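S.K.: just a sequence and a predicted model for now, questions to come.
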Amino acid sequence: LRWRFPIARFRGTPLTIHWTWPLACAWWVAFGPSTTASAWLRTSEIVGIFAIVLLHELGHVIAGRWRGFIAKEVVLTPLGGLAMFDPTPSRRRDVLVVVGAGPLVNLVLVAPLSAALYFSSIRFGAGAAFDLFGLLLVGNVLLLVFNLLPIVPLDGGRLTRACLSSWMSASASEVAVSITSFLCSTAVLLFAVVAGDVLTASIAIVVLFGSVRAFNWHLYWLRRERQDGIDVSAACPKCHEHPPRGMTARCPNCQATVIWLGCNGVCWNCGQPGGDVQCIHCYGQSSCSLWFATNEPPKLS
Ligand SMILES: [Zn+2]
Ligand SMILES: [Zn+2]
Ligand SMILES: [Zn+2]
């Protein structure tokens, strides 16, 4: 997500567009799947799609503010947007509200887009109306449905994980979601191959490999947790999850295996400070002392 440009601010949150956006716009106007020959209509379509993606992300931002999370940036790419929060909402109810708000915006948008399609088809005829509002309506519904698939970087994956974590531990729900991500991205890959859609197929392959990596990672820590238990005296300052007891990582200086939380962030082998300790759940890095300073009550799980 490098090379992005700020375009506006929304209540203090910078909105940036990725450099691939202008490229995608040019491609759409020149060769896009639209049936209309009119450059004006094609431009309106791309502006409409941009607006739908933007409104979806603003849904996350507004819901985040309501739950006390400030988005530090919203990045818009042609494949969708990304609202970045720091800290990221991690408690179940916060995740359900903040992540769910995006798809909810798409659901709400179905009504005005249907109305626009209906009234413009009366005024300008079905063909022209479908070119703009029909396409936007279909695009909006596709975005809604696709985004709710239980695949991890998508909203659906994060909602699924939040729901599962009411019945199982954080690590177990992460393993479960990596399996649903694998199955769904395989299905998406097959559909894309059959449809000859190269772009979707390549994204599905990237997600597929990511889900295998996530599965291995979370399964390893789930087994460690089953074996050694959870260290309730420490908690990640970012996501508030407890680490597995004896959580190890490699020393960046000497490659020794170190329990950073057990030696106050200083390597037992080379005596160098290891920097921040990484959380196995949210991958956030926080300084060692903060893991013990959060004063979070133990989570009931
Ligand atoms: Zn979203
Ligand atoms: Zn964490
Ligand atoms: Zn070391």
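M.R.: Done, it's in. Ligands and ions are numbered 1, 2, ... in the order given.
S.K.: low-confidence ranges, the stretch 201-301 of the chain, go.
M.R.: 294-301 (pLDDT under 70).
S.K.: all strands of it, in order?
M.R.: Using DSSP state E, counting those that start in this stretch, the strands found in the stretch 201-301 of the chain span residues 249-250, 257-258, 277-278, 285-286.
S.K.: most tightly surrounded among those?
M.R.: strand 277-278 (a mean of 20; mean count of other CB atoms under 10 Å). (C-beta placed from N, C-alpha, C; glycine too.)
S.K.: name every strand pairing with that one and say which way it goes.
M.R.: The strands that strand 277-278 pairs with in its sheet are strand 285-286 (antiparallel) (by DSSP bridges).
S.K.: in three-state terms, label the residue sitting nearest the centre point of the chain for me.
M.R.: Centroid-nearest residue in the chain, with CA atoms, centre = their mean: Pro153, separated by 3.9 Å. Under DSSP: H, G, I helix; E, B strand; the rest coil, the three-state class of Pro153 is coil.
S.K.: wait, doesn't it sit right on Ser211?
M.R.: No. If you go by CB atoms under 8 Å, Pro153 and Ser211 don't touch, sitting 9.9 Å apart.
S.K.: what residues does this protein put near ligand 1?
M.R.: Residues of the chain that fall close to ligand 1, judged by CB under 5 Å from the ion: 102, 155.
S.K.: could you check which residue of the stretch 51-200 of the chain lies nearest ligand 1?
M.R.: Closest to ligand 1 within the stretch 51-200 of the chain is Gly102: 3.1 Å, counting by CB to the ion.
S.K.: now do the contacts for that residue.
M.R.: 56-57, 59-60, 83, 147, 155 (CB atoms under 8 Å, 6 or more residues apart in numbering).
S.K.: what do you get for Gln285?
M.R.: Counted by CB under 8 Å, 6+ apart, Gln285 has contacts 275-279.
S.K.: likewise Cys282?
M.R.: Cys282 neighbours (CB under 8 Å, 6+ apart): 88, 90, 236, 238-239, 241.
S.K.: please apply the same query to Phe133.
M.R.: 113, 116-117, 120.
S.K.: show me what the one helix or strand Val188 maps to packs onto, helices and strands only.
M.R.: Using DSSP states H and E, Val188 sits within helix 170-195. Where contact means 3 or more CB pairs under 8 Å, 6 or more residues apart in numbering; DSSP states H and E, helix 170-195 is packed against helix 155-164, helix 198-228.
S.K.: quick one: the longest one to helix 155-164, angle?
M.R.: By that I understand helix 198-228. 20 degrees (axes from the mean of the first three to the mean of the last three CA atoms, to 10 degrees).
S.K.: fine by me, we can end here.
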